[in-house]
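Novice: Quick one, fold the following:
(chains A, B, C and D)
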Amino acid sequence: MMIRVLFFASLKEQLGTPNVEMETTASRVDELLQQLIEQNPRWKPHLQQGTLLCAVNQQLCDTEHPLAVGDEVAFFPPVTGG
Amino acid sequence: MMIRVLFFASLKEQLGTPNVEMETTASRVDELLQQLIEQNPRWKPHLQQGTLLCAVNQQLCDTEHPLAVGDEVAFFPPVTGG
Amino acid sequence: MAATTTIRIQEQDFSVADNYEQLRRSAAYGAVVTFTGLVRELVDAQLSGMFLEHYPGMTEKALQGISNEARQRWQLGPIQIIHRIGHLQLNDQIVFVGVAAKHRADAFAASMFLMDFLKTRAPFWKKEVTKEASYWVEAKESDQHAVQRWNDQK
Amino acid sequence: MAATTTIRIQEQDFSVADNYEQLRRSAAYGAVVTFTGLVRELVDAQLSGMFLEHYPGMTEKALQGISNEARQRWQLGPIQIIHRIGHLQLNDQIVFVGVAAKHRADAFAASMFLMDFLKTRAPFWKKEVTKEASYWVEAKESDQHAVQRWNDQK
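Specialist: Residues are numbered from 1 along each chain as shown, chains lettered A, B, ... in the order given. The predicted model follows:
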């Protein structure tokens, strides 16, 4: 299935791209992360930062969150607004 | 000694006066209160309200506070500003 | 830079906009909290206005004392306290407390502290005026509880 | 009367005066609390500006969700949240949270709650720009502690 993955702030700069469209068989966020790393070995240290947050369909969630067709997944560092 | 006594808000209306100048031998606020009641028996229920607050020289205090020449003593109901 | 405390007791209205601009002017403080209290409708009678009496002299001292205590508890920039007296109408502004601080937690805590002490220690008295009568407002037990928590935390 | 929640994410500046006037307009709420956050000087380097990135769509949803939760916890009137994005200068206003309520304790608590959650759950990121370099701001542990207390109280 097709999944849209977004990156923000320092992570976006580290990976060098704001988003990727991915054909994936991942059923959960953690599997998707694993596939992203396999396809882009250079991304490994950045995507394995322990403080990274993720959102599915614009809701914060943990990496065990299930994925479905058309989901929008986002990874980003801890937020610093306000 | 001469003591100036002020009354505010509902107490002022109950007693019918905003202040009295008093020649007194009272050494503490509670003695002063007793003398005020002796001189004005009609004031008794109003000056014996348990919720009454007092201030000596514009500082909140309890009725055991000592008195000195020239002190400004005030009695008033619980405050309701803000 | 010494942080200023401004205390004003006045009959005339005040401008929250002007007060805020003064609070934000100091470049050292990134957080500004304001509280404004307004004359609102009563639940059980139609309020036509309000009269606010105070104890001149003691009011200013009490508010200055409360502000000094707030500065000992938290790191604060400018503090502004404005309280109106005399006759007020429905929807009028009654009281303003504004605090600037480096950290928002300090600005929030100090604003609440100042309001809680103002409500229980500053000599102001409200008389509510309805179409039928006027009467002195009773002190609220909730305000006594609100102020008590600061002593518990001391 | 339904109390409105206004959420705005915008590049342009905002007027605390206008926001306050909107909050006080509703005759039902006697207490208005505002919080404003400003771009301030850094301790260890000369800040020349700031860049604020956000996650469009999610930001609005997150702030709406936080506001809804605040309404479940406290009795609130109108809520306003404004957050700026893009390039900001020293002394610029960044964020505004305003809450009207019948009781001041509710207005204060909700304002703090909204700010604590905004700081830790709303997808904004700050990049500080000094004369020498620019870098992403690190999240503060104190903000994590601040938000945790609301869960403890639940």
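Novice: sec struct for the closest residue to chain C within chain A, please.
Specialist: Nearest residue of chain A to chain C (C-beta to the nearest C-beta) works out as residue A:82 at 8.1 Å. For the C-beta atoms, the positions are set from N, CA and C on the backbone; glycine is no exception. Recorded secondary structure, residue A:82: coil (DSSP: H, G, I helix; E, B strand; the rest coil).
Novice: could you measure it against residue D:120, distance?
Specialist: According to C-beta to C-beta, to the nearest Å, residue A:82 and residue D:120 sit 9 Å apart.
Novice: for residue C:153, same thing?
Specialist: Residue C:153 is 24 Å from residue D:120, by C-beta to C-beta.
Novice: same question, residue C:6
Specialist: In terms of C-beta to C-beta, residue C:6 sits 34 Å off from residue D:120.
Novice: Which one's more surrounded, the two?
Specialist: Each of residue C:6 and residue D:120 has its neighbours counted (other C-beta atoms under 10 Å in any protein chain shown); residue D:120 has more, 23 against 14.
Novice: Count the residues that sit near residue A:21.
Specialist: 9.
Novice: how about it, what does it touch?
Specialist: A:2, A:3, A:4, A:5 (C-beta atoms under 8 Å, 6 or more residues apart in numbering or on different chains).
Novice: Skipping its backbone neighbours, what lies nearest the third one in space?
Specialist: I take that to be residue A:4. Closest residue to residue A:4 apart from its sequence neighbours, by C-beta to C-beta, 6 or more residues apart in numbering or on different chains: residue A:72 at 5.1 Å.
Novice: Okay, that neighbour and residue D:42: tell me how far apart.
Specialist: As defined by C-beta to C-beta, residue A:72 lies at a distance of 35 Å from residue D:42.
Novice: Which of those two has more residues huddled nearby?
Specialist: Between residue A:72 and residue D:42, counting by other C-beta under 10 Å, residue A:72 is the more crowded of the two (15 against 12).
Novice: Was I right to think the more buried one contacts residue A:54?
Specialist: No - using C-beta atoms under 8 Å, residue A:72 is not in contact with residue A:54, being 11.2 Å away.
Novice: elements contacting the helix ranked longest in chain A?
Specialist: Using DSSP state H to define each element, chain A has its longest helix at helix A:29-39. Judged by 3 or more C-beta pairs under 8 Å, 6 or more residues apart in numbering or on different chains; DSSP states H and E, helix A:29-39 is in contact with strand A:2-7, strand A:19-23, helix A:44-47, strand A:72-76.
Novice: so it versus strand A:2-7, what angle?
Specialist: Helix A:29-39 and strand A:2-7 meet at an angle of 80 degrees, taking axes from the mean of the first three to the mean of the last three C-alpha atoms, to 10 degrees as the criterion.
Novice: just to revisit the earlier point, check contacts around the nearest residue in space to the residue of chain A closest to chain C that is not next to it in sequence.
Specialist: With sequence-adjacent residues excluded and distances taken as C-beta to C-beta, 6+ apart, residue A:82 is closest to residue D:119, at 4.4 Å. When contacts are counted by C-beta under 8 Å, 6+ apart, residue D:119 touches A:79, A:80, A:81, A:82, D:143, D:146, D:147.
Novice: try residue C:3
Specialist: Applying C-beta under 8 Å, 6+ apart, the residues near residue C:3 are C:26, C:71, C:76, C:77, C:78, C:79, C:100.
Novice: Send me the helix or strand of chain C with the lowest mean pLDDT as PDB with only the CA atoms.
Specialist: When each helix and strand of chain C is scored by mean pLDDT, DSSP states H and E, helix C:141-153 comes last, with a mean of 86. Only the C-alpha atoms of helix C:141-153 are listed here, as PDB (Å, rounded to 0.1, in the frame of the first residue of the first chain):
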ATOM      1  CA  GLU C 141     -15.500  31.000  51.300                       C
ATOM      2  CA  SER C 142     -13.800  29.900  48.100                       C
ATOM      3  CA  ASP C 143     -11.600  32.900  48.200                       C
ATOM      4  CA  GLN C 144     -10.400  32.000  51.700                       C
ATOM      5  CA  HIS C 145      -9.600  28.500  50.500                       C
ATOM      6  CA  ALA C 146      -7.800  30.000  47.400                       C
ATOM      7  CA  VAL C 147      -5.500  32.100  49.600                       C
ATOM      8  CA  GLN C 148      -4.900  29.400  52.100                       C
ATOM      9  CA  ARG C 149      -3.000  27.200  49.600                       C
ATOM     10  CA  TRP C 150      -0.200  29.700  49.300                       C
ATOM     11  CA  ASN C 151       0.500  29.400  53.000                       C
ATOM     12  CA  ASP C 152       0.500  25.700  52.800                       C
ATOM     13  CA  GLN C 153       3.100  25.900  50.000                       C
END
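Novice: by contact count, what packs against that helix?
Specialist: Contact analysis of helix C:141-153 by 3+ C-beta pairs under 8 Å, 6+ apart lists helix C:104-121 as its packing neighbours.
Novice: Using the centroid of chain C, identify the residue furthest from it.
Specialist: residue C:132 (29.0 Å; C-alpha atoms, centre = their mean).
Novice: neighbours around the spatially closest residue to it that is not a sequence neighbour, how many?
Specialist: Nearest residue to residue C:132, sequence neighbours excluded (C-beta to C-beta, 6+ apart): residue C:45, at 7.1 Å. Neighbour count of residue C:45, defined by other C-beta under 10 Å: 14.
Novice: residues contacting residue C:45?
Specialist: The contact partners of residue C:45, by C-beta under 8 Å, 6+ apart, come to C:130, C:131, C:132.
Novice: Does residue C:147 touch residue C:122 like I think?
Specialist: No - between residue C:147 and residue C:122 there is no contact under C-beta under 8 Å: 11.2 Å.
Novice: Residue C:51: which element?
Specialist: Using DSSP states H and E, residue C:51 sits within strand C:47-54.
Novice: OK, contacts around residue C:52?
Specialist: Taking C-beta under 8 Å, 6+ apart, we find residue C:52 in contact with B:81, C:83, C:84, C:85, C:86, C:88, C:94, C:124, C:125, C:126, C:127.
Novice: what's the answer for residue A:53, then?
Specialist: For residue A:53, the contact set (C-beta under 8 Å, 6+ apart) comprises A:60, A:75, A:76, A:77, A:78, A:79.
Novice: Please name the nearest non-neighbouring residue to residue 58.
Specialist: I'll assume chain A. With C-beta to C-beta, 6+ apart as the criterion, residue A:58 has its nearest non-adjacent residue at 3.6 Å, and that residue is residue D:58.
Novice: what sits against the one you found?
Specialist: By C-beta under 8 Å, 6+ apart, the contact list for residue D:58 reads A:55, A:58, A:59, A:74, D:123.
Novice: can you count the residues close to the nearest residue to the fourth one once chain neighbours are set aside?
Specialist: Taking C-beta to C-beta, 6+ apart, and ignoring the residues beside it in sequence, residue A:74 has residue A:6 as its nearest neighbour in space, at 4.1 Å. Look at residue A:6: counted by other C-beta under 10 Å, it has 19 neighbours.
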